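# The following block contains a protein sequence and its predicted model.
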Amino acid sequence: GTIKLQADPTVLNGSGSWVTVSWSGVESPNTGDWIGVYEPSNANYSATAPVKYQYATISPSHMVNGSGSVRFRLVNMRVDVAFVFFRHGTDNPVVAAVSNTITFSNSNEPTQIHLALTKNLSTVSVSWVSGMVSRPQVKWGSTSGHYTSSSDAFYSTYKVTDLCGAPATTVGWRQPGWLIQANMSGLEQGMRYYYVVGDEKYGWSSEASFVSAPKSSRSRKTQVVAYGDMGNGQLDGSYQHWEQQPSLKTTSRIVNTQLNKTDFILHIGDISYAVGYAAEWDEYLDQIQPIASVLPYMVCIGNHERDFPDSKSWFTGTDSGGECGIPYEKRFAMPRPSLDEPWFGFSYGNIHFVLMSTEHNWEKGSAQYDFLVQELASVNRTETPWLIFGGHRPMYIDSSEGGENLVAFLLQHDIESLLREHSVDVGLWAHHHSYQRTCPLYQRKCTPNGTTHVVIGMSGQSLETELRKIPPNYFVKLDDEHYGYSRIEANATHLEFWYIWNDDNKPHDYFVLTK
């Protein structure tokens, strides 16, 4: 008997559309039967990882009579789509049937739209992805539907030969499309702007809007939502090589409760967890678009973006899955000095931020160390009274894992004196999937004018519970059992910090610093 596999509808009107995949005629159905999503439809199914997959047993009728159906949500990856029915599990899969082909009505629609701050607060950068380009642009104005300014974009992509190793160069590789970036400049302060991105030839996005940076004032609160280690999850419940389902709750909480009272987002490392499976960059940027098309989305590099042997990363593990920072840097336009120097500083309202890379050499004499010295020395504490320093791997950590404690010791040894010298108020870190906060601290001792260190790696990737039996005495709050995000509000005299659980969307830790 032949297995019948059918996908409907056959033409999708936009990224994020749903498809029903039905099958029948499976003889001796078993728990190892599964359906993979392949973009493009003619991919080599045995040499390419599926975009995502689901087990046939999700449909109760499958084990009874070998038939069933499942719904998938599809992100537009600029090519056509096929579904493949496999038998014998995911370790030794055998193709049993291939569906009809599904297409997007416009495979070149602008997708994955995300904003970023630049060094100049009157300029906001916007990035997006498309399959084809002729003359990509951003158009914007202060009235909905009426765009009085436009700016040409520049675009680039990367090739499989730009990457460092498997799986990024093997089963995880797929064409990234054109990675496009444009600047909206000459923005007035504190004004709502409406914008579209795209191309006369290939179509425009739907309209989005954002508020430009306000006039700086001592009384207006600067409002930031921050987290690390989020990743992405599938609304249809399907599987990827790793999935971070709790991230869906983080993004929906932010969309539903934080957008209208937040200036920008800060995601401190371990961004998509694609780690070589390129489709997950598309999935992640689709998941954050409802946030990142409205608020500037600032990112800091982590081990899962950068680390790979013989790639000049400071740590030589395979954590990036062969990406060695290329997809990350091509997709996010941060105000960094140059390629593979992913450290930078920026001011917004009453806060100056300095973000380092814990994945590159930070020792005295390194390019990064020199940058950090210069950047910290250049901060005007009258204009930005608060100074926040961040990086992915933590300078202070409660963990029973030797490697994390060694990195913390090295950061204390090499960098902490800079935080002291420049009176850094808060150190923001991630990497450990938990929430941790210290007292104001210097050299492992609580001190009134020290730096308060906070680990905020609890936004999506599975929680880590290997805390020490007796925590170091400088930790005042530890939580390795809840997912969530953090919120910072600062006027000229008070910086307030909340740690909010996804479960109830209420704060479960709070501190305030005063000047």
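Done, it's in.

# how about the helices in the stretch 51-200 of the chain?
Ranges of helices within the stretch 51-200 of the chain are 62-65, based on DSSP state H, counting those that start in this stretch.

# can you list the weak-confidence ranges in it?
Using pLDDT under 70 as the threshold, the predicted model of the stretch 51-200 of the chain has no low-confidence range.

# what are the ranges of the strands in it?
52-55, 68-74, 82-87, 94-98, 103-104, 111-117, 124-130, 137-141, 149-152, 154-156, 178-184, 192-199 (DSSP state E, counting those that start in this stretch).

# Reformat these as a markdown table; add distance to residue 44 and mean neighbour count.
Every C-beta, even on glycine, is put in place using the N, C-alpha and C of the backbone. What follows is the strands of the stretch 51-200 of the chain, written out as a markdown table (distance: least, Cβ to Cβ, whole Å; neighbours: other Cβ atoms under 10 Å):
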| stretch | distance to residue 44 | mean neighbour count |
| --- | --- | --- |
| strand 52-55 | 16 | 21 |
| strand 68-74 | 20 | 20 |
| strand 82-87 | 11 | 22 |
| strand 94-98 | 11 | 15 |
| strand 103-104 | 20 | 18 |
| strand 111-117 | 25 | 24 |
| strand 124-130 | 23 | 25 |
| strand 137-141 | 36 | 21 |
| strand 149-152 | 37 | 14 |
| strand 154-156 | 26 | 13 |
| strand 178-184 | 24 | 22 |
| strand 192-199 | 31 | 20 |
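
# Report the contact partners of the closest residue to residue 192 other than its chain neighbours.
Among residues not flanking residue 192 along the chain, residue 211 sits closest, at 5.1 Å (Cβ to Cβ, 6 or more residues apart in numbering). With contact taken as Cβ atoms under 8 Å, 6 or more residues apart in numbering, residue 211 is in contact with 190-193.

# and which of the residues you listed is nearest residue 157?
Proximity of the contacts of residue 211 to residue 157 was ranked by Cβ to Cβ; the top entry is residue 193 with 27.9 Å.

# Now do the SS call for residue 330.
Reduced to three states with DSSP: H, G, I helix; E, B strand; the rest coil, the structure at residue 330 is helix.

# List phi and psi for residue 408.
phi -60, psi -40 (degrees, to the nearest 10).

# Kindly report the same for residue 460.
When quoted as degrees, to the nearest 10, the phi and psi of residue 460 stand at phi -180, psi -50.

# Not counting sequence-adjacent ones, nearest residue to it?
Once flanking residues are discounted, residue 460 sits nearest to residue 247: 3.1 Å by Cβ to Cβ, 6+ apart.

# Where does the one you found fall, secondary structure wise?
Following DSSP states H and E, one finds residue 247 within helix 246-257.

# Report the buried residues of that helix.
Within helix 246-257, the residues scored as buried using 16 or more other Cβ atoms under 10 Å are 246-251, 253-254.

# cool, stretch 41-48 as well?
Neighbour-count burial for stretch 41-48, counted by 16+ other Cβ under 10 Å, picks out 41, 43, 45, 48.

# Please apply the same query to stretch 16-30.
Using 16+ other Cβ under 10 Å as the test for burial, stretch 16-30 gives 17, 19, 21-24, 26, 29.

# Centre of the chain to stretch 29-45, how far?
For stretch 29-45, the distance from its own C-alpha centre to the chain's C-alpha centre is 27 Å (Cα atoms, centre = their mean, to the nearest Å).

# Can you get me the start-to-end distance on that stretch?
Looking at stretch 29-45, the gap from its leading to its trailing residue is 21 Å under the measure Cα to Cα, to the nearest Å.

# pLDDT weak spots in the chain?
Residue ranges of the chain with pLDDT under 70: none are present.

# wouldn't residue 270 be in contact with residue 228 here?
Yes - under the criterion of Cβ atoms under 8 Å, residue 270 makes contact with residue 228 at 6.1 Å.

# Report the set of residues contacting both of the two.
Common neighbours of residue 270 and residue 228 (Cβ under 8 Å, 6+ apart) are 302, 392, 430-431, 457.

# got CSV for these, with secondary structure too?
Putting those into CSV (three-state DSSP) gives the following:
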residue, secondary structure
302, coil
392, coil
430, coil
431, coil
457, coil
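
# Tell me the one among those nearest to residue 355.
When the shared contacts of residue 270 and residue 228 are compared for distance to residue 355, the smallest value, 9.2 Å, is given by residue 392; criterion: Cβ to Cβ.

# what about that closest one, neighbour count?
The local packing count at residue 392 equals 28, with neighbours defined by other Cβ atoms under 10 Å.

# Please shift the residue numbers so they start at 590 in all later answers.
That works, and once the first residue is 590, the last one we named lands at residue 981.

# if I look at it, how far off is residue 819?
As defined by Cβ to Cβ, to the nearest Å, residue 981 lies at a distance of 12 Å from residue 819.

# got any residues that touch both of these two?
A shared contact of residue 981 and residue 819, defined by Cβ under 8 Å, 6+ apart, is any residue touching both; here these are residue 859.

# Check the offset of stretch 730-746 from the chain's centre.
Using Cα atoms, centre = their mean, we find the averaged C-alpha position of stretch 730-746 to lie 24 Å away from the chain's own average C-alpha position.

# Look up which helix or strand the residue most central in space within the chain falls in, please.
Centroid check for the chain by Cα atoms, centre = their mean gives residue 860 as the closest residue, at 3.4 Å. Secondary structure assignment for residue 860, by DSSP H and E: no helix or strand.

# Surely it is in contact with residue 917?
Yes - look at residue 860 against residue 917 with Cβ under 8 Å: they come within range, at 6.5 Å.

# Touching both of the two, which residues are there?
Both residue 860 and residue 917 are contacted by 888, 894, under the criterion Cβ under 8 Å, 6+ apart.

# now residue 750: how far from residue 976?
Using Cβ to Cβ, which is the criterion applied here, residue 750 is 41 Å from residue 976.

# residue ranges of the helices in the stretch 940-1089 of the chain, please?
According to DSSP H, counting those that start in this stretch, the stretch 940-1089 of the chain carries its helices in the segments 956-966, 991-1003, 1005-1010.

# Can you give me the buried ones in the shortest one?
Read it as helix 1005-1010. Along helix 1005-1010, these residues count as buried under the neighbour rule (16+ other Cβ under 10 Å): 1005, 1007-1009.

# mind listing what the closest residue to residue 973 other than its chain neighbours touches?
Spatially, and ignoring its direct neighbours in sequence, residue 973 is nearest to residue 941 (4.0 Å; Cβ to Cβ, 6+ apart). Taking Cβ under 8 Å, 6+ apart as the contact definition, residue 941 lies against 934-935, 968-969, 973, 975-977.
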